[in-house]
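K.L.:
Requesting a structural model of the entry that follows:
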Amino acid sequence: MAVYDFSLASMYELTGVDTAMCNRACLFREKGCEVKMIFVDVPTVRDLQLYMDLGLDYEQILSVYPYFADVRNLAPVMNSQEMADTLMEALRCTEKQRQGDLLVLWQGEKKAAVLHLTQDGDSFYTVDYYQNEQLVRTDYYADARYASAFYEMEGGISERFFYRSDGSVALTQVFRNGQEYNVFPDGSGFNKDQLFTLFVRKLNLTKDDLVILDRPRGLFAAKALLACSDQTNIVAVIHSEHALQSGLSTQGVGLHMEYWYWCRYSMCIHTMVVGTEEQKVELEKTLKQYNFTVPRIQVISPICLGRVHRPVKTRKKKSIVCVSRLNERKKIEWTILTAVKAHQLDPEITLDIYGDSPSYRYMDYLKRLIVENDASGCVSLKGCIDVAEIYQNYEVFLTTSLWETFGITLLEAAGSGLPIVGLDVRYGNRLFIEDGRNGYRIPYNPEHFFEECPSEIDELAEKVVEVLSDEERWKAFSARSYEISEQYLAEHVKQKWYDLLPL
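P.N.:
Residues are numbered from 1 along each chain as shown. You can find the predicted model right below:
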């Protein structure tokens with residue numbers, strides 16, 4: 001029995017979806033299942049490093065294109081110093097220089113090649129080759145070279161070759177006018193959709209296997225997999241809002257296009273998984289509204305806690321923490337302005353924000369907002385770090401997100417005994433914030449979506465101050481947060497995932 005999970009994200013910022021996927025992969029591995037996490041493209045060095053940090057093993061990862069060259073393990077094991085010495089001689093380099101996780105080879109003052117090293121520096125993932133300071137080729141390595149990418153003058157990839165262990169070419173990939181063409185040594189050719197369909201066929205899926213759809217990105221993947229519904233078991237995990245609402249999103253209203261194909265062909269899906277009972281009800285309504293088949297819908301936490309975290313030192317007094325991706329849906333500007341208001345009511349109150357944003361424009365806006373409100377002394381942007389042991393240093397968790405499908409950071413905050421203050425929006429806030437018991441949910445008016453400083457901010461600030469100013473209330477709220485989080489410890493969650501496995 002094998003579990004195939006589609007798909008890992010390449011060249012994107014990791015999200016709660018990735019955390020959930022890797023957490024679940026560990027649960028299935030613990031059960032003794034063979035787990036394969038699929039990259040529909042060739043993973044970058046950063047992709048591999050990030051997913052390894054989330055607990056995956058190299059042998060759990062399959063990449064579609066190298067698969068046709070019989071590459072089943074992307075673990076970098078070749079010796080970096082031996083490769084560097086070989087290249088130094090072959091390229092007539094004059095110097096090699098270690099720069100962090102890079103080993104740069106120089107021809108005089110010109111860069112000739114760069115090895116992307118593993119964390120310990122003993123092995124390497126790729127070698128980049130340069131001519132006149134321009135990247136012209138990248139070779140990918142595991143226990144041997146398994147791929148080469150060649151670049152156009154403009155920087156895009158023009159061709160890729162995938163190699164068997166003996167060095168012979170197993171697949172040639174050509175990019176022209178925004179399209180890709182894949183050619184095998186026998187001359188047969190396939191476009192991207194066709195090649196992925198061939199990949200799925202080569203997996204030889206059976207009723208003993210479980211196929212999990214985690215990311216709807218890329219219609220070609222869903223088509224090929226749903227076509228196998230008669231021969232295997234297909235589970236679709238809904239990680240986001242399936243039906244967008246006015247005042248909660250900039251992407252319009254109605255059925256989220258991300259999930260349209262899954263919903264349209266829901267008759268091919270054996271089970272849909274959501275994180276909350278509330279979303280299960282809403283999903284059933286949506287499917288019926290569009291006259292789509294309603295498959296079995298299971299409510300399973302997308303993640304489980306390894307343990308609750310109790311502080312080993314005194315929490316920082318009057319401290320607020322926010323852990324989030326920094327984007328417009330999370331309304332981090334409201335988080336900042338809430339802290340500013342709370343600080344005005346109680347000058348001891350401070351806010352630390354952990355997370356990063358792919359948008360320089362949005363980050364610049366947040367930094368400017370802090371400066372304009374003279375809040376540099378009470379609001380800090382801490383960047384993106386491992387926050388597992390961070391929550392327990394604070395006294396309140398603040399969220400101004402307009403919706404959370406589940407709310408992994410809410411669970412982590414509760415698991416560190418934090419009272420939580422946020423908006424009364426679906427789904428995660430209503431799951432993890434019991435109004436008046438472990439925090440407060442503030443009514444949200446969707447008409448305030450485009451306002452920088454809506455009236456909700458005053459109410460949020462008042463509730464934050466209320467929690468921080470009453471020690472007995474804080475203790476009661478903290479105790480209740482711990483109680484809520486304990487329902488999501490591994491022993492209470494993993495069996496629900498195991499129940500999806502074929503008997």
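K.L.:
which is the next helix or strand following whichever strand or helix holds Arg368?
P.N.:
According to DSSP states H and E, Arg368 maps onto helix 360-372. Proceeding N to C from helix 360-372, the next assigned helix or strand is strand 379-383, under DSSP H and E.
K.L.:
could you say what helices and strands that next one packs with?
P.N.:
helix 332-345, strand 350-354, helix 360-372 (3 or more C-beta pairs under 8 Å, 6 or more residues apart in numbering; DSSP states H and E). Just so you know, the C-beta spots here come from the backbone N, C-alpha and C atoms, and that holds for glycine as well.
K.L.:
Quick one, which of the ones you listed gets closest to Gln99.
P.N.:
Evaluated over the helices and strands packed on strand 379-383, closeness to Gln99 peaks at helix 360-372, with 24.0 Å, by C-beta to C-beta.
K.L.:
which residues are contacting the closest one?
P.N.:
326-328, 332-333, 336-337, 356-357, 375-376, 379, 381 (C-beta atoms under 8 Å, 6 or more residues apart in numbering).
K.L.:
Now do the buried residues in the helix holding Arg368.
P.N.:
362, 365-366, 369-370 (16 or more other C-beta atoms under 10 Å).
K.L.:
Can you tell me how far Ile157 is from Ala69?
P.N.:
17 Å (C-beta to C-beta, to the nearest Å).
K.L.:
can you check Gly167 too?
P.N.:
10 Å.
K.L.:
Counting neighbours, go ahead and name the busier of those two.
P.N.:
Ala69 (19 against 8; other C-beta atoms under 10 Å).
K.L.:
from memory the more buried one sits against Arg164, does it?
P.N.:
Yes. Between Ala69 and Arg164 there is a contact at 5.1 Å, judged by C-beta atoms under 8 Å.
K.L.:
which neighbours do these two share?
P.N.:
Contacts common to Ala69 and Arg164, judged by C-beta under 8 Å, 6+ apart, are Ala170.
K.L.:
Ser158: what secondary structure?
P.N.:
When classified by DSSP: H, G, I helix; E, B strand; the rest coil, Ser158 comes out as strand.
K.L.:
What's the local residue count around it?
P.N.:
Ser158 has 14 nearby residues by other C-beta under 10 Å.
K.L.:
And for Asp499?
P.N.:
Asp499: 11 neighbours (other C-beta under 10 Å).
K.L.:
Please report the distance of it from Arg164.
P.N.:
Taken as C-beta to C-beta, the span from Asp499 to Arg164 is 40 Å.
K.L.:
do Tyr140 as well
P.N.:
In terms of C-beta to C-beta, Tyr140 sits 14 Å off from Arg164.
K.L.:
Could you check which of the two is surrounded by more residues?
P.N.:
Just comparing Tyr140 and Arg164: by other C-beta under 10 Å the higher neighbour count belongs to Tyr140, 25 against 15.
K.L.:
helix/strand/coil for that one?
P.N.:
strand.
K.L.:
Hmm, Thr126 and it touching each other?
P.N.:
Yes. Look at Tyr140 against Thr126 with C-beta under 8 Å: they come within range, at 5.4 Å.
K.L.:
what angle do the helix holding Arg368 and helix 332-345 make?
P.N.:
Here helix 360-372 runs at an angle of 10 degrees relative to helix 332-345 (axes from the mean of the first three to the mean of the last three C-alpha atoms, to 10 degrees).
K.L.:
what about the helices and strands packed on strand 379-383, which gets the closest to Asp193?
P.N.:
helix 360-372 (34.2 Å).
K.L.:
Looking at the closest one now, give me its mean pLDDT.
P.N.:
Taken as a whole, helix 360-372 carries a mean pLDDT of 96.
K.L.:
Run the chain-centre distance for it.
P.N.:
How far helix 360-372 lies from its chain's middle: 24 Å, per C-alpha atoms, centre = their mean, to the nearest Å.
K.L.:
now the angle from that helix to strand 379-383?
P.N.:
Using the same axes, to 10 degrees: helix 360-372 against strand 379-383 is 150 degrees.
K.L.:
what bits of the stretch 251-400 of the chain have low per-residue confidence?
P.N.:
251-253 (pLDDT under 70).
K.L.:
run the last query once more with 80
P.N.:
251-254 (pLDDT under 80).
K.L.:
again, but for the stretch 101-250 of the chain
P.N.:
Looking along the stretch 101-250 of the chain with the criterion set at pLDDT under 80, you get 154-155, 216-221, 244-250.
K.L.:
Over to the residue located most distally from the centre of the chain. Which of the three states is it?
P.N.:
Distance from the centre of the chain peaks at Arg92, with 42.0 Å (C-alpha atoms, centre = their mean). Secondary structure, three-state DSSP: Arg92 is coil.
K.L.:
who's in contact with it?
P.N.:
Gln107.
K.L.:
pLDDT wise, what is it at?
P.N.:
Arg92 is given a pLDDT of 95.
K.L.:
ok, now how distant is it from Leu205?
P.N.:
When Arg92 is compared with Leu205 (using C-beta to C-beta), they lie 50 Å apart.
K.L.:
same question, Val169
P.N.:
28 Å.
K.L.:
okay, these two: which has more neighbours?
P.N.:
Neighbours per residue (other C-beta under 10 Å) separate Val169 from Leu205, with Leu205 holding more: 19 against 14.
K.L.:
Could you check which helix or strand contains the more buried one?
P.N.:
Going by DSSP H and E, Leu205 is not part of any helix or strand.
K.L.:
Surely it and Phe6 touch.
P.N.:
No. Shown here, Leu205 and Phe6 do not form a contact pair, counting by C-beta under 8 Å, at 11.6 Å.
K.L.:
Spit out the residues that contact the two alike.
P.N.:
Shared contacts of Leu205 and Phe6, counting by C-beta under 8 Å, 6+ apart, come down to Val211.
K.L.:
Going by secondary structure, the closest residue to Gly415 other than its chain neighbours is in what exactly?
P.N.:
Among residues not flanking Gly415 along the chain, Ser485 sits closest, at 3.8 Å (C-beta to C-beta, 6 or more residues apart in numbering). Taking DSSP H and E as the criterion, Ser485 maps to helix 471-486.
K.L.:
Same question for Leu431.
P.N.:
helix 428-432.
K.L.:
Thank you kindly, that will do.
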